[in-house]
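1. coordinates only, no sequence provided:
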């Protein structure tokens, strides 16, 4: 199962931004140019300090990106990265936390480094082995601290940062760096689940049965090509290596055919799905997004838990309950953390940590085209007739459903991304989402992340998908539309067979005006193209959405509202997104305004 992390001690305020339409006049040398732009941000915000290079992230699809640490009195400010994003047209956006440290002062006396390191070790559980990896002085708010990184070796391996007050010796914060889930090349072959046997069979009654081979029918295994293995006989290639795994399997003929009981099966699962997801990112044009060999330990802990360690950048999968690496949803979820860490330049706390969980869930759902995440993994710890870790089509909204627990808060972000995907389709949505992730900083929260999605669409597509993105952000409460905007909102975006969906049209500026609704299976840049009053058939004529449904075309009431209801037959699933959009008219042909496109996609659950 995926365990929630305790929220970090520091709170997350909204990040500040500086937009520069032109960067002429700044230094020509690349890093100096970025540093000067970042320093302009500090000066504009009235912040003391200077910058020190943190990460050179290189080019995303639309921008060159560098992150800096802010130094005050020569020491870095924790959780305060300044990210400079320079677009191809010479414009730039700088984002960072604008914390006022004008009162920060060096203590008159300091706890020694050795004493602070001993305190950090004592702050950890006694049954774990810890070794010091590095120490530095840094600012945690107004407090100067020893920032001490330790390597933990227990049931798995990971890293922990401990912050010890440099004046008093008190432990102020402990940060676990795990982002957890609650030769010549040649192709090989092997058997895998795609993505897991519950999803492919539709059978939620499957059980782990103590890792028994007989627990899963042979029909749920699929033979796949394991691309670009290095020829050593191990599962190592350009985008994945299981080298941290103890007792690795080795097949000199590169034929890796196992059932689920031996750990070799989890190695094959991890290699195949990690490799395929990275190749998918490259196929949609992201050639600098975790563009490296991702190392994974497929049996690194006996607990029913998995994590991505920001210290080592290794993914560890657990083998309590259903072995986590038997479920490709879990594999891609954890890879989503590695991707987020890589392109954003580190994962922050607060809402940014919740967004990371949302990204992981979303990418698993999007890649395998199913709103339920981790169905097979969840059979060991969930009851009822349906098993899943989380789902990306829930009802949570920002900010009322925030509770400070990253996995819970991530459900808001993943649901918004899923709403967006329903309108755009997988490839168009994922291209924008990864690009936006590449532009934002580790201080980005959900509203600012919404702005970055719109910026990414503007840079990639001249804003062609903006109406769909704005609808998704508005639906989840992340970014409100203006009072003059027209909205069409379904009561349920994921209806099950037999469900009735009520659509509410709101156009407060146009009371008493006529409106017409268009229904489409083909989202596209022309959001309301073609004739009005069209009839369409969804699927193989199983669902008919006629223009004669009461309220699809009508007249707004005195408050500027209208609407209609759509009932699904019991035997029908809306397995592909259906997009609805309404136009408010003046007379038979003149359009006064158009609603943001809204999307509905149903399923069996």
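-> Structure's in. What do you need? Since this is a predicted model, take the numbers as computed values, not measurements.
2. got the domain ranges for this structure?
-> Domain assignment for the chain, taken from automatic domain parsing, gives 16-96, 113-180, 183-480, 487-600.
3. just confirm residue 52 is within a strand.
-> Yes - membership of residue 52 in a strand is supported by DSSP: H, G, I helix; E, B strand; the rest coil.
4. ok, it to residue 77 distance?
-> The spacing between residue 52 and residue 77, counted by Cβ to Cβ, to the nearest Å, is 10 Å. The C-beta positions use only the backbone N, C-alpha and C, and glycine is treated the same way.
5. rewinding a little: of the domains of the chain, flag the one that's most buried.
-> Greatest average neighbour count among the domains of the chain goes to domain 183-480 (a mean of 21), per mean count of other Cβ atoms under 10 Å.
6. mean confidence for that one?
-> Domain 183-480 carries an average pLDDT of 96.
7. any low-confidence regions in the stretch 51-200 of the chain?
-> Across the stretch 51-200 of the chain, residues meeting the criterion (pLDDT under 70) sit at 181-184.
8. and the residue nearest the centre of the chain, helix, strand or coil?
-> Central residue of the chain (Cα atoms, centre = their mean): residue 359, 1.2 Å from the mean position. When classified by three-state DSSP, residue 359 comes out as helix.
9. picking that back up, list the residues that contact both of residue 52 and residue 77?
-> Contact criterion Cβ atoms under 8 Å, 6 or more residues apart in numbering; residues bridging residue 52 and residue 77 by contacting each: 69, 71.
10. quick one: residue 435 is in a helix?
-> Yes - counting by three-state DSSP, residue 435 is found in a helix.
11. just checking, it touches residue 456?
-> Yes - because the distance of 4.0 Å satisfies Cβ atoms under 8 Å, residue 435 is recorded as touching residue 456.
12. returning to what we had before: now the domains of the chain as JSON lines including distance to residue 105?
-> Below are the domains of the chain laid out as JSON lines (distance: least, Cβ to Cβ, whole Å):
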{"stretch": "domain 16-96", "distance to residue 105": "8"}
{"stretch": "domain 113-180", "distance to residue 105": "8"}
{"stretch": "domain 183-480", "distance to residue 105": "24"}
{"stretch": "domain 487-600", "distance to residue 105": "51"}
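13. out of those domains, the one nearest residue 107 is which?
-> domain 113-180 (3.9 Å; Cβ to Cβ).
14. distance of residue 173 relative to residue 281?
-> If you measure residue 173 against residue 281 using Cβ to Cβ, the figure is 34 Å.
15. nearest to residue 103, out of the domains of the chain?
-> Nearest of the domains of the chain (Cβ to Cβ): domain 113-180, 6.0 Å.
16. residues making contact with stretch 68-76?
-> In contact with stretch 68-76 (Cβ under 8 Å, 6+ apart) are residues 34-35, 38, 42, 47-54, 77, 80-84, 96, 101, 104, 106, 136-139, 144.
17. one more: stretch 38-52?
-> Residues contacting stretch 38-52 (Cβ under 8 Å, 6+ apart): 16, 18, 20, 35, 66, 68-72, 76-77, 82, 84, 94, 96, 98-102.
18. now the closest residue to residue 124 other than its chain neighbours, what's its secondary structure?
-> In space, residue 124 comes closest to residue 130 once its chain neighbours are excluded; the distance is 5.3 Å by Cβ to Cβ, 6 or more residues apart in numbering. Following three-state DSSP, we place residue 130 in the strand state.
19. go ahead and confirm residue 130 touches residue 152.
-> Yes - counting by Cβ under 8 Å, residue 152 is a contact partner of residue 130 at 5.8 Å.
20. any weak-confidence spans in the stretch 451-600 of the chain?
-> 521-548, 571-574.
21. and the helices in it, which stretches?
-> Shown for the stretch 451-600 of the chain, the helices assigned by DSSP state H, counting those that start in this stretch span residues 466-475.
22. quick revisit: and for residue 130 and residue 152, which residues touch both?
-> Common neighbours of residue 130 and residue 152 (Cβ under 8 Å, 6+ apart) are 124, 160.
23. against residue 445, how distant is the residue lying closest to residue 332 once chain neighbours are set aside?
-> Nearest residue to residue 332 in three dimensions, chain neighbours excluded: residue 364, at 4.3 Å (Cβ to Cβ, 6+ apart). With distances taken as Cβ to Cβ, residue 364 is found 23 Å from residue 445.
24. before we move on, the earlier item: which residues touch the residue nearest to residue 124?
-> Per Cβ under 8 Å, 6+ apart, neighbours of residue 130: 120-121, 124, 150-153, 160.
25. can you do 7 Å?
-> 121, 124, 150-152 (Cβ atoms under 7 Å, 6 or more residues apart in numbering).
26. distance to residue 250 and secondary structure added to those residues, as CSV?
-> Converted to CSV, the contacts of residue 130 look like this (distance: Cβ to Cβ, whole Å; DSSP: H, G, I helix; E, B strand; the rest coil):
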residue, distance to residue 250, secondary structure
121, 38, helix
124, 36, coil
150, 33, strand
151, 27, strand
152, 29, strand
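27. in the stretch 301-450 of the chain, which spans are strands?
-> For the stretch 301-450 of the chain, the strands defined by DSSP state E, counting those that start in this stretch cover 306-309, 315-318, 372-373, 390-391.
28. between these, which one is nearest to residue 350?
-> Taking the strands of the stretch 301-450 of the chain one by one with Cβ to Cβ, strand 306-309 is closest: 18.1 Å.
29. which neighbouring elements make contact with the closest one?
-> Where contact means 3 or more Cβ pairs under 7 Å, 6 or more residues apart in numbering; DSSP states H and E, strand 306-309 is packed against strand 156-165, strand 178-181, strand 315-318, helix 328-344.
30. ok, back up a step: list the contacts of the residue nearest to residue 332.
-> 329, 332-333, 373.
31. for those, give me JSON lines that also has distance to residue 293.
-> Formatted as JSON lines, the contacts of residue 364 follow (distance: Cβ to Cβ, whole Å):
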{"residue": "329", "distance to residue 293": "22"}
{"residue": "332", "distance to residue 293": "17"}
{"residue": "333", "distance to residue 293": "19"}
{"residue": "373", "distance to residue 293": "25"}
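32. among those, which two are most distant?
-> The most distant members of those, if one measures by Cβ to Cβ, are 332 and 373, lying 9.1 Å apart.
33. so what sits against both of residue 435 and residue 456?
-> residue 62.
34. show the contacting residues for residue 197.
-> Residue 197 neighbours (Cβ under 7 Å, 6+ apart): 206, 216, 220, 376.
35. pretty sure the last one contacts residue 195?
-> In this case it means residue 376. No - counting by Cβ atoms under 7 Å, residue 195 is not a contact partner of residue 376; they are 8.2 Å apart.
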